[in-house]
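[1] dropping the sequence and predicted coords here.
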Amino acid sequence: MNTAGFMCAVRRRCSQTYRRPQLLVSSSMVQCCLQSTQPVSAARLPCRVKLSAGKRYAWCTCGHSKKQPFCDGSHRTNAPSFSPLRFTPDKDRTVMLCACKQTKNAPYCDGSHFKVIFRDLVKSVKSVFK
């Protein structure tokens, strides 16, 4: 719609011009498209966590959990292809658990978040020059 057509519609108080289009897809199709096949970065920096020896932990691999870095079962609806990584530490200690989900030494941080930060920085700089 050009400017003249817009002003004409405003003068006539034509409300039909401003209606939102109806979606022609079902909610199940939308849900299917929203499910992740790649892990989502929950945070750019690792989580410092105190672990107890002999206790079982479930580390979130999908990134959708609200209890990061641990799993809360969100992967069942948001990323069904993922399952948590279960581990049991051998001694009490404080560790850095990965939150960017790009580590090669899961669940422990290996510094991969620097690549994630750099990638996000490059993406934002490129968007400035578009």
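    Now that the structure is in, tell me what you want to look at.
[2] check contacts around the closest residue in space to residue 113 that isn't next to it in sequence.
    Here the nearest residue to residue 113 in space, its sequence neighbours aside, is residue 100; by Cβ to Cβ, 6 or more residues apart in numbering that works out to 4.2 Å. In this view, the C-beta of every residue, glycine as well, is placed from N, C-alpha and C. Residue 100 sits next to 41, 42, 43, 44, 45, 46, 112, 113, 116 when contact means Cβ atoms under 8 Å, 6 or more residues apart in numbering.
[3] helix/strand/coil for residue 100?
    coil (DSSP: H, G, I helix; E, B strand; the rest coil).
[4] thinking again about what came up before, residue 92: which of the contacts of residue 100 is nearest?
    Top of the list for closeness to residue 92, among the contacts of residue 100 and by Cβ to Cβ, is residue 46 at 18.8 Å.
[5] that closest one: neighbour count?
    Residue 46 has 21 neighbours, counted by other Cβ atoms under 10 Å.
[6] what do you get for the one 3 residues further on?
    Here the neighbour count serves as a burial measure; for residue 49 (other Cβ under 10 Å) it reads 16.
[7] wasn't it part of a strand?
    Yes: Residue 49: assigned to a strand according to three-state DSSP.
[8] now the longest helix anywhere in the chain, how far from the chain's geometric center?
    Within the chain, and with DSSP state H defining each element, the longest helix by residue count is helix 113-128. The gap between the average C-alpha position of helix 113-128 and the chain average comes to 16 Å, counting by Cα atoms, centre = their mean, to the nearest Å.
[9] what's that helix in contact with?
    41, 44, 45, 46, 98, 99, 100, 102.
[10] how about residue 48, nearest residue that isn't a chain neighbour?
    Ranked by Cβ to Cβ, 6+ apart and with sequence neighbours excluded, the top spatial neighbour of residue 48 is residue 96, at 5.7 Å.
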